[in-house]
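Novice: I'll drop the sequence and a predicted model, then ask my questions.
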Amino acid sequence: MALTPARPGALDRMQAPSHSHSHSHSDTMPATARKPAATRIERENTVDEIYERIYVAILEHRLQPGTKLGEEKLADIFGVSRARVREVLARLAHEQIVELYPQRGAFIAKPSIEQARDVFEARRLIEPAVLRRLIDTHTPEKIARLRQHQELEADARRRNDKRAVIRLSGEFHTLAAELAGNSALARSMRELCMLTCLTIFLYDAPTASSCRNDEHQLIIDAVAKRDRARAEKLMLDHLDHIESSLKLDNTNGDVDLEAIFKG
Ligand SMILES: [Zn+2]
């Protein structure tokens, strides 16, 4: 299987920063794309597209944990039926990114502190395995891909584009899992990255950032040298740094409103 062709990678998105579009692409599709034979593909693309928009909005912290995702409103925004919106929401719910409540509707998940700790525990088990597999299946192209991604991150940091930094740093981990070539690992990694992203939103110390860029670079260097032990150690340290930058000791998980509105 190719590297998730349905989901454009960070490199593609980099060129077109996602602003909140308010109309579905299907509105502007040429009539030929609407012929019956294309219907199924068109439908899938649209579900994928809406899913991707929501996914990126969460990654970029434009959609906050706990936000209500009204079916009717989303159907309106994306120019699709409510049934199609429900399909997207079901997929997001399956990935634990959205919580569905009878009568009340769909909400962006708000991981608890316990869930946040579980996410990091799972990442500490999975990500060294991802790197081991990446080293076993090592090719110059894969290393180049990782370096390219890391360069985009560094560039976003130089431009002080915080949204892009948060998204790209999360996507580094997903990209590594995709390149490692195990689709189950890659799928788990996507979910865990998304949950980490929601966790960072909820429990981040105001000045902290998600991933330190130089640490990604060191990890790539170790993978390029096929140094398993070092790559694994660097990844575990990296995850510790992210987890310890969060305020997961705060027993009630309250957001520091004062800090948010001060600056
Ligand atoms: Zn990272």
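Specialist: It's in. Residues are numbered from 1 along each chain as shown.
Novice: Helices of the stretch 1-150 of the chain, start to end?
Specialist: 10-15, 36-59, 71-78, 82-94, 113-136, 140-158 (DSSP state H, counting those that start in this stretch).
Novice: What residues of the fifth one count as buried?
Specialist: Looking back up the chat, that one is helix 113-136. 113, 116, 119-120, 123, 126-128, 130-131, 133-135 (16 or more other Cβ atoms under 10 Å). Placement of C-beta: from N, CA and C, glycine included.
Novice: out of the residues you listed, who's nearest K247?
Specialist: I113 (9.0 Å; Cβ to Cβ).
Novice: From E141, how far off is that closest one?
Specialist: 40 Å (Cβ to Cβ, to the nearest Å).
Novice: With Y51 instead?
Specialist: Taking Cβ to Cβ, one finds Y51 at 28 Å from E141.
Novice: Would you confirm that R62 contacts I166?
Specialist: No - using Cβ atoms under 8 Å, R62 is not in contact with I166; the gap is 10.1 Å.
Novice: More neighbours: which of these two?
Specialist: I166 (21 against 15; other Cβ atoms under 10 Å).
Novice: Tell me how far the more buried one lies from I242.
Specialist: I166 is 12 Å from I242, by Cβ to Cβ.
Novice: So what's the residue count around A224?
Specialist: Burial of A224 is recorded as 17 neighbouring residues (other Cβ under 10 Å).
Novice: Correct me if wrong: it contacts I143.
Specialist: Yes - A224 lies in contact with I143 (Cβ under 8 Å); the separation is 4.8 Å.
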